[in-house]
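S.K.: Sequence first, predicted model second:
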Amino acid sequence: MSDKNQSSKNAQLSLWDIFGLAGDIEGNYSSDEIEKVIGKLRAAKRIAEKQEENERRRREKEEAERKVREEKEIKEAHVREVTCMDLPLDWSNIFNSDVRTQGVHTESIPDALIMSLSTLGKVDIEYISSVTGADYKTVISTLKGSIYQNPLTWNECFYQGWETAEEYLSGNLMRKWKAANEANKEYNGYFADNIKAIEKVLPPTVAAEDIYITLGSPWVPADIIDDFMLHLFGDPLRHCSYSDREEIMRRYKTIHDEITGTWEIPHKSRYNHSVGISRTYGTEKLEALHILEKTLNMKTVSVTEEVSCPANASGKKRVINKAETVAAIEKQQKLIKAFQKWVWTDNARKERLEIIFENNFGCVRRRNFDGS
């Protein structure tokens with residue numbers, strides 16, 4: 001057989017043919033012919049590996065999609081179950097055997113609501129159902145608008161967590177609106193009435209010019225104070241190497257303890273008695289960062305000095321230096337005015353502070369009893 005015919009034969013060999021010839025390959029084929037076959041096998045291997053990888057990914061994708069579908073179906077079934085307002089056939093109202101409902105009956109569900117508030121101090125659907133004989137769903141439907149279910153306390157039970165409209169539609173409404181929105185998305189529109197009711201009574205947004213802010217306002221973030229100091233006194237680390245800067249700045253950050261309400265400015269000598277610290281916004285006796293910290297903590301600014309006092313065992317005592325104290329108070333007022341002027345100059349900072357104030361104070365509504 002010629003080399004040409006042999007090469008043509010090799011080109012038509014199947015994978016199984018090659019396996020069959022593997023034991024008898026020695027001496028029958030040239031190295032070039034064997035290299036060609038090896039090259040084809042390598043190419044075939046790459047194709048096979050790619051196909052296997054694609055198949056593996058396809059199966060993984062199908063498995064992931066199946067799990068997502070199953071989880072979605074389970075969640076939807078759970079949502080339907082907890083929001084359907086249906087009770088098991090063998091359900092028994094615990095108040096039917098409670099001494100507080102023995103001999104108590106009224107045909108009026110609104111009257112039963114008042115009885116629930118008087119007897120239990122809360123809206124209790126089971127109690128109202130027991131004294132009226134109405135089923136839970138009827139009780140809730142009748143009282144809708146007078147009562148609202150709190151998504152933070154309902155525990156996925158359709159007859160729990162109910163509050164009077166006066167209670168639910170008061171306090172921090174923005175927090176309640178956010179909670180109702182999140183729950184409404186999770187439970188497929190179950191809390192839509194809550195959102196509408198809250199939006200109806202939500203106080204209007206407070207404009208920046210109507211917000212009182214000063215040094216020491218407890219709702220102002222500590223980093224705003226840090227930015228104010230940088231604005232007023234400059235960068236205390238402008239001569240430091242970059243590698244040291246981040247760690248030092250971390251130690252310089254203003255600390256505000258929200259529980260105790262105290263403020264602390266660490267390393268108050270960071271500016272090395274600069275003109276801005278000791279003269280412009282402070283005095284040589286009481287520098288600016290000391291005045292600023294006292295102002296944040298709503299403490300009286302005063303400067304004391306030691307004088308002789310023969311009556312004391314030490315022969316000395318501390319008294320207020322009136323001239324220095326007056327000077328320090330003037331610097332304090334200057335700091336406050338500078339802060340109030342600066343704080344609204346940046347649009348991003350202004351928007352951030354407006355949101356913080358709105359979420360904490362602007363959306364708070366006093367409880368209102370309309371007599372209904």
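M.R.: Nice, thanks for sending it over.

S.K.: all strands of the stretch 251-372 of the chain, in order?
M.R.: Using DSSP state E, counting those that start in this stretch, the strands of the stretch 251-372 of the chain run over 255-257, 262-264, 304-308, 316-320, 364-365.

S.K.: Oh, that last question was meant for the stretch 1-150 of the chain, not what I typed.
M.R.: Under DSSP E, counting those that start in this stretch, the stretch 1-150 of the chain gives strands at 147-149.

S.K.: okay, and for it, where does confidence drop off?
M.R.: Low-confidence segments of the stretch 1-150 of the chain (pLDDT under 70): 1-28.

S.K.: hmm, back to that, quick one, which of the strands of the stretch 251-372 of the chain is nearest to residue 155?
M.R.: Checking the strands of the stretch 251-372 of the chain against residue 155 by Cβ to Cβ gives strand 364-365 as the closest, at 25.4 Å. For glycine as for every other residue, the C-beta is placed from the backbone atoms N, C-alpha and C.

S.K.: now what about that closest one, what contacts it?
M.R.: 169-173, 201-203 (Cβ atoms under 8 Å, 6 or more residues apart in numbering).

S.K.: any chance of the strands of the stretch 251-372 of the chain in a markdown table, plus mean pLDDT?
M.R.: Formatted as a markdown table, the strands of the stretch 251-372 of the chain follow (pLDDT from 0 to 100):
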| stretch | mean pLDDT |
| --- | --- |
| strand 255-257 | 94 |
| strand 262-264 | 95 |
| strand 304-308 | 84 |
| strand 316-320 | 84 |
| strand 364-365 | 77 |
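
S.K.: Of those, which is nearest residue 216?
M.R.: strand 262-264 (7.5 Å).

S.K.: Next one: residue 129 from residue 103, what distance?
M.R.: Note on residue 129: its distance to residue 103, by Cβ to Cβ, to the nearest Å, is 17 Å.

S.K.: the more surrounded of those two?
M.R.: residue 129 (23 against 6; other Cβ atoms under 10 Å).

S.K.: correct me, but the more buried one touches residue 140?
M.R.: No: the pair residue 129 / residue 140 is not scored as a contact, 9.4 Å apart, by Cβ atoms under 8 Å.

S.K.: Of all the strands of the stretch 251-372 of the chain, which one comes closest to residue 281?
M.R.: Among the strands of the stretch 251-372 of the chain, if distance is taken as Cβ to Cβ, the winner is strand 262-264, at 16.9 Å.

S.K.: Give me the packing partners of that closest one, helices and strands only.
M.R.: strand 255-257, helix 288-296 (3 or more Cβ pairs under 8 Å, 6 or more residues apart in numbering; DSSP states H and E).

S.K.: Quick one: residues in contact with the first one.
M.R.: Strand 255-257 is contacted by residues 218, 221-222, 225, 262-266 when judged by Cβ under 8 Å, 6+ apart.

S.K.: out of those, which are buried?
M.R.: Neighbour-count burial within the contacts of strand 255-257 applies to 222, 225, 263, 265; the criterion is 16 or more other Cβ atoms under 10 Å.

S.K.: In CSV: the residues you listed, plus distance to residue 74.
M.R.: Output for the buried ones among the contacts of strand 255-257, formatted as CSV (distance: Cβ to Cβ, whole Å):
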residue, distance to residue 74
222, 44
225, 49
263, 50
265, 53
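
S.K.: which one of those is nearest residue 341?
M.R.: Of these, the one sitting nearest to residue 341 (Cβ to Cβ) turns out to be residue 225, at 15.2 Å.

S.K.: Phi, psi for that closest one please.
M.R.: Torsion angles at residue 225 (phi, psi; degrees, to the nearest 10) stand at phi -70, psi -40.

S.K.: So it sits against residue 252, correct?
M.R.: No: using Cβ under 8 Å as the test, residue 225 is too far from residue 252 to be in contact (11.2 Å).
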